[in-house]
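A.B. asks: Just to be clear, the model below is a prediction. Sequence and coordinates:
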Amino acid sequence: MNGVYGLLQQWQLPSSKFLLRNSKHLPGKYLLHRTRVYPMVCFCKSMQTNTYEVVKGSYLPTTQTEQNTKSKDKVSIKNENVGAFQKLPMVMPSVDILYSALRKAKRISPTKGIANVAKRERNKGAKQLDALMKELAAPLKVYVDNFPKKKYLHPYERSLVELTLGDGNYEEVLMKVDTLRKKVTSVGKEHASLCAKSLSKREAEERLSGGMGKLEEIFHHEGKAIDELLDIAKTLRAMPVIDLETPTLCLVGAPNVGKSSLVRILSTGKPEVCNYPFTTRGILMGHIALNFQHFQVTDTPGLLRRHDEDRNNLEKLTLAVLSHLPTAILYVHDLTGECGMSPSNQYLIYKEIKERFNDHLWLDVISKSDLLQESPIVFVSEDTTADDDEMVQYRKKGPDGAIHVSVKSEEGLNELKQSVHKLLVAQMDKIKDETNVKCPESLT
């Protein structure tokens, strides 16, 4: 108390006056004689402490560094979510944008109360050119702002963009749209300014006509970028939506081994089934509902025996699913040779994929078991003298523990469904455990 009063005395600020100026309860100077009122809390609002951290050679307040950390956390959280393609804005064809903008701009009338004909005409021309510029640029800004930056996409969706649209094509089209927006804005402002400086009605009309013609010419010439963006939006929206928290079964194997047929039996997915390689030309989704539990199934393009740099985009899609999504793998083998690939090559592919993705839950299936013969299939081009014991065993029965099924005779289908259910339940537990490890604070 004495310390506060001493400070007031040093500042030559009487405590009574200080209180009167800040008090809501003592209007005026109605104080009792010889009564001194001490301000008790007058310094609290101005008292604050700051702590600083050295960040990249500079002193920054701790609050600022905390905000930066939070913003980075938000970006990382944003980067871990999928479903960005379903939030894309609706893109209008360039012709529709242009004609709609022209129609709205021509309805703009001059400001009321302008008696001079020349002034009225140049006012109307400047307003119409400004309105046309804004109507053309506004939707382009929406597209540029709301189409996600590729670096913020989930790695799986980023791979889909690169493999489906071509590397760099997505960013290039967005850049063209943004360049068109800037050009329309610049030219529109320039012609609106010229029209506003017209000295006669005729000059204002000519500049209005010239400005609208110039904007229309630019939009006709460079509006193809908008139509390209429209095609991109349609393509991306058609991509399958995958829930990261729902267990997913991914069918993998060589081309034409019967993956699509098993997807049709196991789930609601209805992929095309044909007797030629690479029938599946994308990631196809299906769903399974068992005992009130919901699961996802993906049919993927077949893999050939070759190095990653030699793989086509369809094969790379399969590897992207396995690399970036928490999936259990149902690997399909065809030992009959009907798929067009020898069992030996299938074994080499299988061995490579299993070693690369050994952290995934796994189930092996031998398809077309009704066509299997007692003696293993050997292609003429194969050299069996160099085979090891595992290769010989694989040709006869496939991997250890593999389930033999036949879609035609329905052999082993019930066993397969039960095993798939157990596998997906185990995958569900694995997802929960990984989530708990990442977010331990949510358990407390």
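C.D. replies: Done, it's in. Numbers count the residues shown, from 1 in each chain.

A.B. asks: CA only for contacts and neighbour counts going forward, please
C.D. replies: Noted.

A.B. asks: what about stretch 249-259, start to end distance?
C.D. replies: One end of stretch 249-259 to the other measures 12 Å (Cα to Cα, to the nearest Å).

A.B. asks: how distant is that stretch from the center of its chain?
C.D. replies: 27 Å (Cα atoms, centre = their mean, to the nearest Å).

A.B. asks: swap in stretch 173-190?
C.D. replies: The answer for stretch 173-190 is 25 Å, by Cα atoms, centre = their mean.

A.B. asks: what about the helices in the chain?
C.D. replies: Assigned by DSSP state H, the helices in the chain fall at 2-10, 15-22, 62-79, 94-106, 117-146, 155-165, 169-196, 201-222, 224-237, 259-266, 313-324, 343-356, 389-397, 413-438.

A.B. asks: For Gln427, grab the count of nearby residues.
C.D. replies: 23 (other Cα atoms under 10 Å).

A.B. asks: Please apply the same query to Ser409.
C.D. replies: The local packing of Ser409 (other Cα under 10 Å) involves 11 other residues.

A.B. asks: Please name the nearest non-neighbouring residue to it.
C.D. replies: Asp370 (6.9 Å; Cα to Cα, 6 or more residues apart in numbering).

A.B. asks: what does Asn123 give?
C.D. replies: Asn123's closest residue in space is Pro110 (Cα to Cα, 6+ apart), at 5.7 Å.

A.B. asks: quick revisit: what's near enough to touch the residue nearest to Ser409?
C.D. replies: 405-406, 408-409, 411 (Cα atoms under 8 Å, 6 or more residues apart in numbering).

A.B. asks: re earlier: any chance of the helices of the chain in CSV, with mean pLDDT too?
C.D. replies: CSV is the format used below for the helices of the chain (pLDDT from 0 to 100):
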stretch, mean pLDDT
helix 2-10, 51
helix 15-22, 44
helix 62-79, 47
helix 94-106, 95
helix 117-146, 95
helix 155-165, 90
helix 169-196, 96
helix 201-222, 95
helix 224-237, 95
helix 259-266, 89
helix 313-324, 91
helix 343-356, 93
helix 389-397, 84
helix 413-438, 89
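
A.B. asks: Which of those helices sits closest to Leu244?
C.D. replies: The minimum distance between Leu244 and the helices of the chain falls on helix 413-438, with 8.7 Å, by Cα to Cα.

A.B. asks: List the buried residues for that closest one?
C.D. replies: If you call a residue buried by 16 or more other Cα atoms under 10 Å, then helix 413-438 has these buried ones: 413, 416, 420-421, 423-424, 427-428, 430-431.

A.B. asks: Please apply the same query to stretch 138-155.
C.D. replies: Residues of stretch 138-155 classed as buried by neighbour count (16+ other Cα under 10 Å): 139-140, 143-144, 147, 150, 152-155.

A.B. asks: ditto for stretch 90-105
C.D. replies: Neighbour-count burial for stretch 90-105 flags 91, 93-94, 97-98, 101-102, 105 (criterion: 16+ other Cα under 10 Å).

A.B. asks: Go ahead and produce CSV holding the CA coordinates of stretch 136-156.
C.D. replies: As requested, the backbone C-alpha atoms of stretch 136-156 are provided in CSV (Å, rounded to 0.1, in the frame of the first residue of the first chain):
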residue,chain,number,x,y,z
LEU,A,136,-15.2,-11.7,-65.6
ALA,A,137,-12.5,-11.6,-62.9
ALA,A,138,-14.6,-12.6,-59.9
PRO,A,139,-15.2,-16.2,-60.8
LEU,A,140,-11.6,-16.7,-61.9
LYS,A,141,-10.5,-15.5,-58.5
VAL,A,142,-12.8,-18.0,-56.8
TYR,A,143,-11.3,-20.8,-58.9
VAL,A,144,-7.7,-19.8,-58.1
ASP,A,145,-8.4,-19.4,-54.4
ASN,A,146,-10.5,-22.5,-53.9
PHE,A,147,-8.7,-25.1,-55.9
PRO,A,148,-6.2,-26.6,-53.4
LYS,A,149,-2.5,-26.1,-53.7
LYS,A,150,-0.9,-29.5,-54.6
LYS,A,151,1.6,-29.3,-51.7
TYR,A,152,-1.3,-29.2,-49.2
LEU,A,153,-3.0,-32.3,-50.6
HIS,A,154,-2.8,-35.7,-48.9
PRO,A,155,0.1,-37.7,-50.5
TYR,A,156,-2.5,-40.2,-52.0
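
A.B. asks: Touching it from outside, list them.
C.D. replies: Residues outside stretch 136-156 that contact it (Cα under 8 Å, 6+ apart) are 75, 78-82, 84, 88-89, 91, 97-98, 101, 158, 171, 174, 177-178, 181-182, 184-185, 320-321, 324-325.

A.B. asks: One more: stretch 207-218?
C.D. replies: Residues beyond stretch 207-218 that count as contacts (Cα under 8 Å, 6+ apart) turn out to be 98, 125-126, 128-129, 132-133, 184, 187-188, 191-192, 194-195, 198.

A.B. asks: Show me which of those are buried.
C.D. replies: 98, 125-126, 128-129, 132-133, 184, 187-188, 191-192, 194-195, 198.

A.B. asks: circling back: per-residue confidence at the residue nearest to Ser409?
C.D. replies: pLDDT recorded at Asp370 is 86.

A.B. asks: With the one 5 residues further on instead?
C.D. replies: On pLDDT, Ser375 comes in at 56.

A.B. asks: Quick one: end-to-end distance for stretch 323-340.
C.D. replies: One end of stretch 323-340 sits 27 Å from the other (Cα to Cα).

A.B. asks: Which positions in it come out as buried?
C.D. replies: Buried residues in stretch 323-340 (16+ other Cα under 10 Å): 325-337, 339.

A.B. asks: In strands, which of those fall?
C.D. replies: Using DSSP state E, the subset of the buried residues of stretch 323-340 located in strands is 327-333.

A.B. asks: Quick check: the two most widely separated of those residues?
C.D. replies: Farthest pair in those, by Cα to Cα: Thr327 and His333, 18.6 Å.

A.B. asks: distance of Ser260 from Ser267?
C.D. replies: Distance from Ser260 to Ser267, by Cα to Cα: 10 Å.

A.B. asks: Pick out whichever of these two has more residues nearby.
C.D. replies: Remark: of Ser260 and Ser267, Ser260 carries more neighbours, 24 against 17, as counted by other Cα under 10 Å.

A.B. asks: picking that back up, now pLDDT and distance to Ile283 too, for the contacts of Asp370, in a markdown table please.
C.D. replies: Output for those, formatted as a markdown table (pLDDT from 0 to 100; distance: Cα to Cα, whole Å):
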| residue | pLDDT | distance to Ile283 |
| --- | --- | --- |
| Val405 | 93 | 23 |
| Ser406 | 91 | 24 |
| Lys408 | 88 | 25 |
| Ser409 | 88 | 28 |
| Glu411 | 90 | 27 |
